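[1] need coordinates for the following:
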Amino acid sequence: MRIDGREHSAKAKESIRQAVQHERERLWKNQPAHLQAETEFGKILQKGLRTTGPVADHYVQEMAHRILSSVDEKSKKPN
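    Numbers count the residues shown, from 1 in each chain. Got it, this is the predicted structure:
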C-alpha cells in the first residue's frame with residue numbers, strides 16, 4: 001500500500017486494517033431495535049424488503065387503499 005509515495009510496513013498495514021474494521025463495527029451495537037410491523041402481510045413485507053415495520057405497514061395501507069378505492073366498471077362497486 002502506498003500513501004504519499006511511502007510503503008507501509010506489514011505491522012502498519014495490519015493496524016490500519018484493524019482500525020477500519022473497528023470503525024465499521026463501532027456503531028452497530030448502539031442501533032435501536034427495528035419496530036415490528038403490525039399486520040401479518042406487513043411482517044412478510046418487512047422481512048422481504050429488509051425494512052422497518054412502520055414502512056412495511058405504510059405500503060400495506062397504501063395498497064389496501066388503492067384496492068378499496070378502485071371501482072369495477074361493471075358493478076360500480078369496489079373490488
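
[2] break down this protein into its helices, ranges please.
    Under the criterion DSSP state H, the chain contains helices at 10-25, 40-49, 53-69.

[3] out of the ones you listed, which comes closest to Q31?
    helix 10-25 (11.2 Å; C-beta to C-beta). Just so you know, the C-beta spots here come from the backbone N, C-alpha and C atoms, and that holds for glycine as well.

[4] what about stretch 27-41, start to end distance?
    Separation of the first and last residues of stretch 27-41 by C-alpha to C-alpha, to the nearest Å is 31 Å.

[5] any idea of the mean pLDDT for that stretch?
    In this model, stretch 27-41 has a mean pLDDT of 85.

[6] tell me which residue is most central in the protein.
    With distances taken as C-alpha atoms, centre = their mean, the residue of the chain nearest its centroid is T51 (4.0 Å).

[7] what number of residues lie near R24?
    9 (other C-beta atoms under 10 Å).

[8] need the pLDDT of the closest residue to the residue nearest to the centre of the chain other than its chain neighbours.
    Counting by C-beta to C-beta, 6 or more residues apart in numbering, T51 lies nearest to L45, which is 7.7 Å off, once chain neighbours are set aside. On the pLDDT scale, L45 is placed at 94.

[9] got the domain ranges for the protein?
    1-31, 34-79 (automatic domain parsing).

[10] okay, these, which one's buried deepest?
    domain 34-79 (a mean of 13; mean count of other C-beta atoms under 10 Å).

[11] would you list the phi and psi of the spatially closest residue to I16 that is not a sequence neighbour?
    Leaving aside its chain neighbours, I16 sits nearest to H8 (7.3 Å; criterion: C-beta to C-beta, 6+ apart). The phi and psi torsions at H8 (degrees, to the nearest 10) take the values phi -90, psi 150.

[12] for H8, give its distance to S15.
    As defined by C-beta to C-beta, to the nearest Å, H8 lies at a distance of 9 Å from S15.
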